[in-house]
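Asks: After the sequence you'll find the predicted model.
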Amino acid sequence: MSEVFALPRTSADPARARTLLDLLGRPEESAPLVLVAGGPGKTSVVRILTALLGAFGVKVGSYTLPHLQQTNERIRIAGEPVTDDELRELERYLEPFIAEASVRFAAPVAQGEALLSAALTACADAPVDAIIVEIGAAETPAVLQTDLLVMPSRGHDLSGSVRQALRAGGTFVLSDDYTQLASEVTDHASAVRLLGTDFGATVDAHAVGGKQLMLYGPGYSLRELYLPLHGPHQVRNASGAMAAAAAFLSGLETLDDELVRTGLASVRVPGRMEVVRRRGAATVVLDAAASAHALHCLAATLQLEFGFRHRMLVLAEWPEEPETLVSFLGPLVDHVVLLDHGDGDGNVGAAFNTYGVSVERAPDVASALAAAQGLTVEPDGIIVLGPDHVLGAVRAELGLPPA
């Protein structure tokens, strides 16, 4: 990461972020803005929604976080990451604005604020027909406002976040059955779309590399759709993205089945139950699950959609109590390879031992993969669980290009 974008990862300051955007001429106002906020599933929803709108001829600029292998992955125009040259040009352009915004506050512009501003500037320069932004913990919803807010799952301070991010009279899509939140914002939003009540999906069949779906919502019921993603959570994410796409495309009388089919079939979400199949070797599954909810989805997916003979877990680190991790995966895995920095006090390894699961340690990603590969053959599976930067290192070790 360059010097400009390697800024400190300090706490977000909405006033500072707004000042930077003001200095840049409010690039987020160059096209209709969609915000994706809340809990897990945000990156997947951005990717799916981008593909759906793109199939209908909408040129989308998007921002997701964090990245797996390269900073470029965060900023995309029409689904493609900006090039190295384009990223350097953005850095040169932003540098004086970042410097000016920094001197006006006690702390300098944070890395997340700079990258978000870079993405919005790239979208304004392209130009694009729509901007989709993933809002994370470091990018408070108070900075941007939208007429279309999508939440794939519950986050923190939901009612306040919705009211901050969604303009009065906007549309709120919640891919969760959180009826209390829906009722709390009905006086603020003109339309609230709730999973299971207003839209949803059914799985007609599991297919190679994904599943066949039916999606339904206000004004549409679409069948025989192929989603090339694994996990029940991705079905929920697809249904929410479809509801958001329908709201964005509300001027159309009908949603063309073939365009929806084309858009969904093109979706790729690296690092989210990403499957890497290799001839003569065990299949590798990469996932960034970091909560009990995400672990539940991972465990269910491994049981329902994969027929591995043996499962090896490569674990980078785990931010929660080890009992949560082990209660989901202990019964499913045969052996664990821990990266040394992933179990500083030994609690994770000891917890797996209580399930009769053997544990070994490795000093780095290459060694961890080699250890798991040495214990597996083609019918087996190696599940790599860790944060995005570790998954990026694994992808690079497997010879995969930046995502």
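Replies: Done, it's in. Numbers count the residues shown, from 1 in each chain.
Asks: which residue packs closest to the most centrally placed residue in the chain, ignoring adjacent ones?
Replies: In the chain, the residue lying closest to the centroid (C-alpha atoms, centre = their mean) is T43, at 2.0 Å. Once flanking residues are discounted, T43 sits nearest to T64: 4.7 Å by C-beta to C-beta, 6 or more residues apart in numbering. (C-beta placed from N, C-alpha, C; glycine too.)
Asks: okay, now the one you found: neighbour count?
Replies: Neighbourhood size, T64 [other C-beta atoms under 10 Å]: 23.
Asks: sorry, back to before: and the residue nearest to the centre of the chain, how far from A142?
Replies: From T43 across to A142, the span is 21 Å (C-beta to C-beta, to the nearest Å).
Asks: Quick check: the residue nearest to T43 vs Y220, distance?
Replies: 26 Å.
Asks: rewinding a little: who touches the residue nearest to the centre of the chain in this structure?
Replies: Applying C-beta atoms under 8 Å, 6 or more residues apart in numbering to T43 gives the contacts 64-65, 134, 269, 272.
Asks: Can you name the next helix or strand after the lowest-mean-pLDDT helix or strand in the chain?
Replies: The helix or strand of the chain with the poorest confidence is helix 158-165; it has a mean of 72 (mean pLDDT, DSSP states H and E). Next along the chain after helix 158-165, taking DSSP states H and E as the criterion, comes strand 166-174.
Asks: mean confidence score for that next one?
Replies: In this model, strand 166-174 has an average pLDDT of 92.
Asks: residue ranges with poor pLDDT in the stretch 51-200 of the chain?
Replies: Scanning the stretch 51-200 of the chain for pLDDT under 70 picks out 137-141, 155-160.
Asks: Where do the strands of it begin and end?
Replies: With strands called from DSSP state E, counting those that start in this stretch, the stretch 51-200 of the chain shows them at 60-63, 75-77, 80-81, 130-134, 146-151, 166-174, 191-194, 200-207.
Asks: Could you dump the ones you listed into TSV with mean neighbour count added?
Replies: Formatted as TSV, the strands of the stretch 51-200 of the chain follow (neighbours: other C-beta atoms under 10 Å):
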stretch	mean neighbour count
strand 60-63	27
strand 75-77	22
strand 80-81	14
strand 130-134	25
strand 146-151	25
strand 166-174	21
strand 191-194	20
strand 200-207	15
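Asks: just to revisit the earlier point, and the pLDDT for the residue nearest to the centre of the chain?
Replies: For T43, pLDDT reads 94.
Asks: Equivalent analysis for L259, please.
Replies: Reading off the model, L259 has pLDDT 97.
Asks: Could you find the closest non-adjacent residue to it?
Replies: A55 (4.5 Å).
Asks: does that neighbour really touch G263, like I thought?
Replies: Yes. Counting by C-beta atoms under 8 Å, A55 touches G263, with 3.3 Å between them.
Asks: quick one: which of these two has more around it?
Replies: For the pair A55 and G263, the greater number of neighbours falls to G263 (22 against 19), based on other C-beta under 10 Å.
Asks: Extract the C-alpha set from the strand or helix carrying the more buried one and format it as PDB.
Replies: Per DSSP H and E, G263 falls inside helix 257-265. Only the C-alpha atoms of helix 257-265 are listed here, as PDB (Å, rounded to 0.1, in the frame of the first residue of the first chain):
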ATOM      1  CA  ASP A 257     -35.700 -13.100 -16.300                       C
ATOM      2  CA  GLU A 258     -32.800 -13.600 -18.600                       C
ATOM      3  CA  LEU A 259     -31.000 -10.500 -17.500                       C
ATOM      4  CA  VAL A 260     -31.400 -11.500 -13.900                       C
ATOM      5  CA  ARG A 261     -30.200 -15.000 -14.800                       C
ATOM      6  CA  THR A 262     -27.100 -13.600 -16.500                       C
ATOM      7  CA  GLY A 263     -26.300 -11.300 -13.700                       C
ATOM      8  CA  LEU A 264     -26.500 -13.900 -10.900                       C
ATOM      9  CA  ALA A 265     -24.500 -16.500 -12.900                       C
END
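Asks: Tell me which other helices or strands that helix touches.
Replies: Packing partners of helix 257-265 (3 or more C-beta pairs under 8 Å, 6 or more residues apart in numbering; DSSP states H and E): helix 42-55, strand 220-227.
Asks: highest average neighbour count across the ones you listed?
Replies: Looking across the helices and strands packed on helix 257-265 with neighbours counted as mean count of other C-beta atoms under 10 Å, the highest average goes to helix 42-55: a mean of 25.
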